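Asks: sequence plus predicted model, see below.
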Amino acid sequence: MKPKIAFFDFTGCEGCQLDALNLTGEELLDLLNAVDIVNFREVMTERDDDYDIAFVEGSITRESEIARLQKIRDQAKVVVALGACACIGGINCLKNHVPMEEALRTVYGKDAKYYDTIPARPANAVVTVDYYVRGCPPTPTELLKVVKALLLNKAPDIPGYPVCVECKMAGNVCVFERGMTCLGPVTRAGCNAICVTSGRFCWGCRGLIDDPNTDSEKDILQKYGLTVDQVIDKFKIYNTYAEVAK
Amino acid sequence: MTQVNINVHQLTRVEGHGNIVLNARDGKIDELRWEVTESPRLFEVMLRGRYYVDAPHIASRICGICSISHTTASIQATEAAFGIQPSEQTLLLRKLLYNAEILESHILHILFLAAPDFLGVGSVFPLVETHKDVVLMALRLKKLAYNLAELLAGRKTHPISCMVGGFAKLPELGELKAIEARLEQALADLEATVELFKTLSIPDFTRETEYIALKDPKEYAFISGQIASTDAGIAPLDKYLEVTNEFCVPHSTAKYTKNKRDSYMVGALARFNNNHGQLLPRAKSAAKELGLSAPCHNPFMITVAQLVECVHAVEDSISLIDQILTRGLKEENNEVRVRVGRGIGAVEAPRGILFHDYTYDNNGILTSANCVIPTNQNHNNIQKDMEGLVPLILSRPEDEIRQTLEMLVRAYDPCISCSAHLLSLSFK
């Protein structure tokens, strides 16, 4: 029997789920041969609460979302965090730097009382997560890679080394040489350094590598006359949760 | 005694979370509500204190479908604040990139989210069996839009190369030429989609409202122009707060808006009603084939107007690539000088007019941000449409009423994640 797959969205832009539809006809047909998609609110009306594999997208930012995610964990054999918000908290956590009451007041003014929100957190701050599809957004290739791995009950082959390795292989001029700050040295690879290859720098959306060499990062900063604060400021964009948790 | 009790919790095939509630007894409506339940995102708080370089990157994450719209509005707000006038080359590339988003987002809505209603199924997946050619065509058009965006900005969802001042990387002319050939082929796919839509029956319901869109005397406006209203005429961008008038309602995490009437509409049909004369020739003839003529007051025709805009976006892309191939591309100086100031960026996101309003300090740090989202501007109009539609269909079976209401909301292609957000009150 084909495993039943469900997609669930929490707080986020839903770009990860939509990119999951960015497959070629062939890839989609192959995927539908291997699995049954039983629950995917964004694109289908039918809902089936009997599923084996749950993809969860978005950060957890409400009390009600904690309960919903726990229920999903109870049902699913495998839980996959899809995208930066679910994997590491992502940009939603930027609001955690401001007290929640003040944040709500800033946005909704005197009507702030209507709204329920808690500091944003990744899925694994609430339940055990089995697989991670990283990035903002993840690449369709990596999504398919993780789906294949979990269907075979194997660990997917996701790099543990920093973005710099892929960036060098892509033949890019180092961002620091171009006078900008980059999080490539401490960020997990797997994106083929797409942001640097596209002319920019790494924002750290795939999260920290397992054992970041912070001394080496400090040496780099010193060499290029940058301060730790400048890097921390960039680091906050996706990795506020890791920073606060430390 | 006949009772109708409809409670559609978390409407499917829309972006984000919303509910439809209808309770009626003996032909009398007790309760009828479009509720927005998306979690508050608080983007204005996230943007405050950020460096200008990161503002479009963060703003892009407001929405995964219209990330190019938010990125472009954010870039334009920042450029307006700093007094930067983008080069002609940058504008050509931005318009081309923008067309990729219009095409991708509209195709997603027309063929993946809306079409299943007309073909009597719950999602696109069963269509893989019954309408394989339509599904493959939809995937092909989406892929083309993705590849066009990839070529210009590194990727479609959360674009990379487009930034304040210009583009960090330029496409190869050869690649532009190659994708132009695919755009020519896409016109045939769109013709097939037009043929398909001619066979579908669109619900007949009209309710005139105010239609608001950007207007540019030079072209069918997507990323330039001033605010045009079918009721109130033209207003400059810096009057946007007087047009949108956002307010909070207890059953919704998104804000609502109104201008001259109880509500107004933004999006493809609002653009069509304001700017139809500026559509390119093939788009005009597609509109004619599909029976869409201005002014059109049937909200179910939004999907049809989107299809017309897809044709326009492809035609326009071919013309933009021709212009780029003729003039060539050269590396430009994208240096940015920050300054204290406020700037407003406005674009026509696929779902309608979008405003970003930023204030910077003298270090290029955002001191406040305000974004007014298209779907927010439509929520109130959706509610008023439901109030107009339900009495006309209340005697029908409950399932049919539910289906029709779902189709009405879906026609607006609501993007609820975007809309449950933010507002800084600093400019009020």
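Replies: Yes, it's here.

Asks: chain center to stretch B:225-233, what's the gap?
Replies: How far stretch B:225-233 lies from its chain's middle: 17 Å, per C-alpha atoms, centre = their mean, to the nearest Å.

Asks: stretch B:291-298 now?
Replies: Worked out by C-alpha atoms, centre = their mean, stretch B:291-298 lies 19 Å from the chain centre.

Asks: excluding chain neighbours, what is closest to residue A:10?
Replies: residue A:58 (3.3 Å; C-beta to C-beta, 6 or more residues apart in numbering or on different chains). Every residue, glycine included, has its C-beta placed from N, CA and C.

Asks: next up, phi/psi of the one you found, please.
Replies: phi 100, psi 160 (degrees, to the nearest 10).

Asks: also residue A:5?
Replies: phi -110, psi 140.

Asks: ditto for residue B:8
Replies: phi -90, psi 100.

Asks: in the sheet, which residues pair with the residue nearest to it when sequence neighbours are not counted? Tell me.
Replies: In space, residue B:8 comes closest to residue B:20 once its chain neighbours are excluded; the distance is 4.1 Å by C-beta to C-beta, 6+ apart. Note on residue B:20: beta-bridge partners residue B:8, residue B:34, judged by DSSP bridges.

Asks: what about residue B:20, distance to residue A:154?
Replies: 43 Å (C-beta to C-beta, to the nearest Å).

Asks: compare the two (neighbour count), which wins?
Replies: The neighbour count for residue B:20 versus residue A:154, taken as other C-beta atoms under 10 Å in any protein chain shown, is higher for residue B:20 (20 against 9).

Asks: my guess is the residue nearest to residue B:8 contacts residue B:403. True?
Replies: No - distance between residue B:20 and residue B:403: 10.9 Å, which falls outside the contact criterion (C-beta atoms under 8 Å).

Asks: so residue A:237 is in contact with residue B:54, correct?
Replies: Yes - using C-beta under 8 Å, residue A:237 makes contact with residue B:54 at a distance of 6.2 Å.

Asks: what touches both of those two?
Replies: Taking C-beta atoms under 8 Å, 6 or more residues apart in numbering or on different chains as the criterion, residue A:237 and residue B:54 both touch residue A:203.

Asks: the two: who's more crowded?
Replies: residue A:237 (24 against 17).

Asks: so what pLDDT did that one get?
Replies: Looking at residue A:237, its pLDDT stands at 93.

Asks: how about the contacts made by it?
Replies: A:91, A:94, A:203-204, B:50, B:54, B:57-58.

Asks: any idea which of the residues you listed is the one closest to residue B:32?
Replies: Residue B:32 has its nearest neighbour among those in residue A:91, at 36.1 Å by C-beta to C-beta.

Asks: what's the spacing between the nearest residue to the closest one once chain neighbours are set aside and residue A:52?
Replies: Closest residue in space to residue A:91, ignoring its immediate chain neighbours: residue B:61 at 5.1 Å, by C-beta to C-beta, 6+ apart. According to C-beta to C-beta, residue B:61 and residue A:52 sit 30 Å apart.

Asks: try residue B:63
Replies: On the measure of C-beta to C-beta, residue B:63 and residue A:52 end up 30 Å apart.

Asks: the more surrounded of these two?
Replies: residue B:63 (36 against 18).

Asks: is that one in a helix, a strand, or coil?
Replies: What DSSP: H, G, I helix; E, B strand; the rest coil gives for residue B:63 is coil.

Asks: what does the one 5 residues further on give?
Replies: With three-state DSSP as the basis, the three-state label of residue B:68 is helix.

Asks: ok, the spatially closest residue to it that is not a sequence neighbour - contacts?
Replies: Nearest residue to residue B:68, sequence neighbours excluded (C-beta to C-beta, 6+ apart): residue B:101, at 3.9 Å. Taking C-beta under 8 Å, 6+ apart as the criterion, residue B:101 is in contact with B:66-69, B:145, B:149, B:156, B:350.

Asks: roughly how far does residue B:101 sit from chain A?
Replies: Here residue B:101 is placed at a distance of 12 Å from chain A (C-beta to the nearest C-beta, to the nearest Å).

Asks: in three-state terms, label that residue for me.
Replies: helix.

Asks: can you pull the pLDDT of it?
Replies: The score at residue B:101 is 97. That number is its pLDDT.

Asks: could you do residue A:109 as well?
Replies: Value for residue A:109, per-residue pLDDT: 69.

Asks: please apply the same query to residue B:416.
Replies: Reported pLDDT for residue B:416: 65.

Asks: ok, residue A:32 next?
Replies: 80.

Asks: just residue A:153 next, same as before
Replies: Residue-level pLDDT assigned to residue A:153 equals 88.

Asks: same check, this time on residue B:422
Replies: pLDDT for residue B:422: 37.

Asks: cool, and residue B:40?
Replies: pLDDT, residue B:40: 67.

Asks: in the chain, which helix or strand is least confident?
Replies: Using chain A. helix A:100-108 (a mean of 71; mean pLDDT, DSSP states H and E).

Asks: sorry, I should have been clearer: chain B.
Replies: Counting by mean pLDDT, DSSP H and E, chain B has helix B:416-419 as its least confident element, at a mean of 58.

Asks: contacting residues for the residue in chain B that chain A sits nearest to?
Replies: Here chain B gets closest to chain A at one residue, residue B:64, 2.2 Å apart by C-beta to the nearest C-beta. With contacts defined as C-beta under 8 Å, 6+ apart, residue B:64 is in contact with A:12-19, A:137, B:15, B:157-158, B:417.

Asks: from those, which is closest to residue A:46?
Replies: The closest of the contacts of residue B:64, once distances to residue A:46 are taken by C-beta to C-beta, is residue A:17, at 16.2 Å.

Asks: that closest one contacts residue A:9, correct?
Replies: Yes - under the criterion of C-beta under 8 Å, residue A:17 makes contact with residue A:9 at 6.3 Å.

Asks: just to revisit the earlier point, phi, psi of the residue of chain B closest to chain A?
Replies: Residue torsions, per degrees, to the nearest 10, at residue B:64 are phi -80, psi -20.

Asks: I'd like to know how far it sits from residue B:331.
Replies: 31 Å.

Asks: cool, and residue A:51?
Replies: Relative to residue B:331, and taking C-beta to C-beta, residue A:51 is found at 51 Å.

Asks: when the two are compared, which one has more neighbours?
Replies: residue A:51 (23 against 10).

Asks: domain-wise, how is chain A divided?
Replies: A:4-151, A:163-245 (automatic domain parsing).

Asks: a markdown table for the ones you listed, including distance to residue B:354?
Replies: Listed next are those as a markdown table, based on distance: least, C-beta to C-beta, whole Å:
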| stretch | distance to residue B:354 |
| --- | --- |
| domain A:4-151 | 14 |
| domain A:163-245 | 22 |
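
Asks: if you compare these, which one is most tucked away?
Replies: domain A:4-151 (a mean of 21; mean count of other C-beta atoms under 10 Å in any protein chain shown).

Asks: tell me how far it lies from the chain's centre.
Replies: With C-alpha atoms, centre = their mean, you get 9 Å for domain A:4-151.

Asks: nice, that's everything, thank you.
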